[in-house]
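# compute the structure for the input listed below.
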Amino acid sequence: MRETSNSFSKQNSQQPKQFRGGEKKVMKKSLLASVLSLSLAMAVAVPAFAATPTDVAGVKEQSAIEELVALGIINGYTDGTFKPGNSITRAELAKIIVIATGSEQAATALQNVKSQFSDVKTNEWYTGYINVATGKGLLLGDKGTKNFRPNANIKFEEVAAIVVRALGYQDANLTGSWPYNVTLKAEEVGVFKKVDLALGTAATRGVVAQQVSNALGTDLVQWIADAKVYSSTGKKLISRLGTTTEEVVTSAVLDDNGRLSLNGLSKTLAPNFIITGGVKLVDLLAHNVTVLADTDGRVRAITDNQNENNVVTGKLNVDFNNALQVEVKNGTAVTKYNTVGNSVYYFNSDSVAGTDSNLKKDADVSVYLFDNNSTNVNAGVVGKVRAVVVSKANGADKLLDSYIAATSTAKARLLTQDNLSVSLNDSTSIVLNGEAKAATDLAKNDVLDIVYNKDRVAVKVVATRNVVEGKVTLVSTSADGTFVYTIDGKTYASVSGANLTGSKAVTKDGTFKLFLNKDGKVAGAELLSGGSSDAKYGVILNAANDVAPTSAFNDAKDVFKYYSIKENKEIEVSLDAATWNAVTNTVRLGDAAPYGSAAFNNSAAVFVTWKLKNSDASVNGIDSLTALTENWEVKEKKDTTLKVSSSTSTITYEINANTVVLDATTYNKAAAGDREVKTSTLANLAVGNKVTIVPDGTSTFAKYVLITKKSATDAKETQYGLYVDAYQSDDDYFIKINVKGNVETLALTGTEGASIYNSIVASKSAGSSTYKESSRTLVEVKDSVITGAAGNLGEASTAYDTVNVFAATNALTAVNNSDSTVTVNGVVYYVNSSTAIYVYDEANDSLVTDGIFADVTAHLGEATSKYGIAIVGDASYGNFTLAKAVVVVKKK
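Next up, the predicted model:
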């Protein structure tokens, strides 16, 4: 489990605490098995470090390690690391336990005192710590010897024994023999919280840190000899680190000056302030805490000291409205607790009056009761309400859009897909699937329950990441208006009020990702492939009028070839011969009288909405046609919007993952057989594209976007090189060219690619040498952007669609060395370092792919029987044409 920092300098972690009515922690069978199978082993130990650890991010014990570092109990290695997986020695453990029990000054004083152990040298870094630890009975030497073994590694159960002794327990007064007695007591008091049991193995530095961290918030005890029982001293182990007081957290956030509110007063924090136990400040609101102060009175740490028996959690049974009692409901049971004049109230961490309207029925509530101490006994308030903390997600079942990191001028934020924006701070508690996480661990489409205060600062974010993916086989509506979706035979109800209509609709037969909330209900969805609603949409590519029947028993039909959006392929459908009137260039609309009509002359592809049969959803007629045009140009594309303009107006459409983008750039090919439609993506939509948009009904949601012409900026970069090969793979076509010595494989578009490939094959079949690799033919491979309506339009930035050949049959007519120019066929070409120069010597059959300017100019004045030049350039380079590639052929 990833645990985040509990330092105020980082996004920290929190672990929910169980109070009255919750589960009680019980001994696990694994512990019993481990204890019973463990052979007796003696020892003791732990480490001394230095510097801030740099290798603990994301490790299980991260929070504990950072906590002990902040308190000065543990440091790190001199290289800045902690090495949490390394073993730890007995001497190192002596230092940690002595500091944790507040005896570091005594260790310094005993640094030069001779140890009782023969293998513990005087005036070593560990001498004083071992003297103190053994003097207090926290660590023991080897029985029957005078050895301590300071550099020996310590075992898991030995660490547990030492930590238990630090809390005041004595081995002799625990039931059972060692190490079973200390191990069972460690489990009982919570020393093993967040620790994987590993009895009999060497303890790691991370495990030691976690056990000591757990102990800091645990009660110190004393042995009552007469009663033969242990009794709590009322103080935590952390109190041994310095001056401590018992106070109440009265605000879940720091004030504008970075101070903490305790007992209603603002307290200054020490630079290394820490909240122990891996919790957040918001989790301690209204809790009793142990406050550790430094010598200047600043708060070094706070530790939860709330008596769990005086906390009641549940839901408000009725609206509170400053009543004399708070009614708390758990299941069907309702318990009432009396308030007093100084009872305090909080809603979503904000302090509020008892009359606040947010203290409503069914809100989550924690009621804190006055403890049984002398002060409260005298005041007559024991068991009455000290504080009421009410929490309600004011942003429930929200789909996350993004996390926005903090800047020098703005706080970190979470943005949801319905545009709720909340700020985050160091106190924000974030839980994902039950585990404490950082904001950076959240991902788009996580379902969030956000509790935020009056300043729109998130107090708590409970995130659920539960995704179901599959084909929706049934969509139904329940009596309360919520949708129910069936995938793989299992039903999923939608969240009440979820926006799952229109652009966000989940449709039958579609493949979707369903994003479930903590209750397993659908909060949102993402379309993966179209459902039955898409079956009625397509693009007519060609039509044939009055096609003769294949049988004397059948009538002639009008046959329409169309691209099916649902099936993502071309399909033919036969309709009544009266559907298309080729004389009037109209089609009949509808599948029953009275019919409408629309213009259609089969000169270009058109978007079609079909009329479907109710019985089997097959095509039964034409409902409507939408002409594909180049009238609308993309002016701006953002994550959720697409702005397009015509000559007269501008419209901004909503787009999302359910928007279907189609490449229809061949829609107006003169030959109907050359028209085709391909799937594309939102990523391929670029400013300058010409598009036809089909909205969802009368809304501004762009349900379908058809790219009819690509922008010049959207075209692929033209490539220049020597022809090597061309080949076909199924319906895909490719050309290989030599670019400065490297063979590049370039994909060709479907229709144009087939045409190019077929031309190359025909040329070779005719015996032409143009497309032989040995000919070293210079070619230009382009992704064309044709401006003329009748031009051979390429597809929108999917592949190359034009190949031009440049024969090496030209001669140099002029050279200007000062300008680095050459003249060929009356065109002045500028040659620079980017120009590819190839020199082919036919006699030696040798090819130079990194030629220089002199290799070209050397042939000025030579007879064309000795050489030939091929050159291609870009005419937009000032007064010259920039030479992109030059081939010089030295003839035999």
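# residue contacts, Val573?
559-560, 562, 610, 619 (CB atoms under 8 Å, 6 or more residues apart in numbering). All C-beta atoms are positioned from the backbone trio N, CA, C, and that covers glycine.
# in helices only, show me the residues you listed.
Judged by DSSP state H, helices contain none of the contacts of Val573.
# out of the residues you listed, flag the one nearest to Ser574.
Nearest to Ser574 out of the contacts of Val573 is Val559 (CB to CB; 5.2 Å).
# which strand residues bridge that closest one?
Val559 forms beta bridges with Ala544, Ser574, as assigned by DSSP bridges.
# quick one: the strands in the stretch 551-700 of the chain, in order.
557-564, 569-576, 580-581, 586-589, 596-599, 606-612, 619-627, 632-637, 641-645, 650-654, 660-663, 678-679, 690-695 (DSSP state E, counting those that start in this stretch).
# distance from the chain centre to the fourth one, please.
In this case it means strand 586-589. Relative to its chain's centre, strand 586-589 lies at 50 Å (CA atoms, centre = their mean, to the nearest Å).
# shaky segments in the stretch 301-450 of the chain?
For the stretch 301-450 of the chain, no stretch has pLDDT under 70.
# quick one: the strands in it, in order.
Under DSSP E, counting those that start in this stretch, the stretch 301-450 of the chain gives strands at 311-316, 325-330, 333-347, 350-352, 364-369, 385-391, 395-404, 413-416, 421-423, 429-432, 435-436, 447-452.
# who touches the helix or strand where Tyr733 lies?
Assigned by DSSP states H and E, Tyr733 falls within strand 732-739. Strand 732-739 has contacts (CB under 8 Å, 6+ apart) with 719-728, 743-748, 750, 753-754, 756-757, 779, 781, 800, 803, 836, 838, 849.
# pretty sure Tyr563 is touching Thr666, no?
No. Tyr563 is beyond contact range of Thr666, at 11.0 Å (criterion: CB atoms under 8 Å).
# follow-up on the earlier one: tell me which of the contacts of strand 732-739 fall in helices.
Among these, the members found in helices (DSSP H) are 750, 753-754, 756-757.
# from the residues you listed, which is closest to Ser647?
Gly750 (31.8 Å).
# this structure: helices as residue ranges?
Using DSSP H, the helices of the chain run over residues 29-37, 62-70, 90-100, 104-109, 127-135, 156-166, 180-189, 205-216, 374-379, 750-765, 853-857.
# next, the buried residues of the longest one.
Buried positions in helix 750-765, judged by neighbour count with 16 or more other CB atoms under 10 Å: 750-757, 760.
# may I have that helix exported as PDB, CA atoms only?
The C-alpha atoms that make up helix 750-765 are tabulated as PDB, following Å, rounded to 0.1, in the frame of the first residue of the first chain:
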ATOM      1  CA  GLY A 750      -5.700   3.300 -49.000                       C
ATOM      2  CA  THR A 751      -7.100   4.500 -52.300                       C
ATOM      3  CA  GLU A 752      -4.100   6.600 -53.400                       C
ATOM      4  CA  GLY A 753      -1.800   3.900 -52.000                       C
ATOM      5  CA  ALA A 754      -3.400   1.300 -54.200                       C
ATOM      6  CA  SER A 755      -3.100   3.600 -57.200                       C
ATOM      7  CA  ILE A 756       0.600   4.300 -56.500                       C
ATOM      8  CA  TYR A 757       1.400   0.700 -55.900                       C
ATOM      9  CA  ASN A 758      -0.400  -0.500 -59.000                       C
ATOM     10  CA  SER A 759       1.400   2.100 -61.100                       C
ATOM     11  CA  ILE A 760       4.800   0.900 -59.800                       C
ATOM     12  CA  VAL A 761       3.800  -2.700 -60.500                       C
ATOM     13  CA  ALA A 762       2.700  -1.800 -64.100                       C
ATOM     14  CA  SER A 763       5.900   0.100 -64.700                       C
ATOM     15  CA  LYS A 764       8.000  -2.800 -63.700                       C
ATOM     16  CA  SER A 765       5.900  -5.200 -65.800                       C
END
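# show me what it is packed up against.
strand 719-729, strand 732-739, strand 742-748, strand 802-806 (3 or more CB pairs under 8 Å, 6 or more residues apart in numbering; DSSP states H and E).
# nearest to Gly314 among the contacts of Val573?
Trp610 (56.2 Å).
# wait, doesn't the closest one sit right on Asp534?
No. Under the criterion of CB under 8 Å, Trp610 makes no contact with Asp534, lying 10.9 Å away.
# who's more crowded, these two?
Comparing Trp610 with Asp534 by other CB atoms under 10 Å, the one with more neighbours is Trp610, at 24 against 21.
# run through the bridge partners of that one.
The partner residues for Trp610, given DSSP bridges, come to Ile622.
# and it, how far is that from Asp674?
Trp610 sits at a distance of 24 Å from Asp674 (criterion: CB to CB, to the nearest Å).
# likewise Arg298?
Arg298 is 79 Å from Asp674, by CB to CB.
# same deal with Val475?
The spacing between Val475 and Asp674, counted by CB to CB, is 39 Å.
# now swap in Gly741 and tell me
36 Å.
# what residue ranges in the stretch 601-750 of the chain score low on pLDDT?
712-715.
# which residues does the nearest residue to Ala814 once chain neighbours are set aside form a beta bridge with?
Nearest-residue entry for Ala814: Thr823, 3.8 Å, with adjacent residues in sequence omitted and distances by CB to CB, 6 or more residues apart in numbering. Taking DSSP bridges, one finds Ala814, Val828 as the beta-bridge partners of Thr823.
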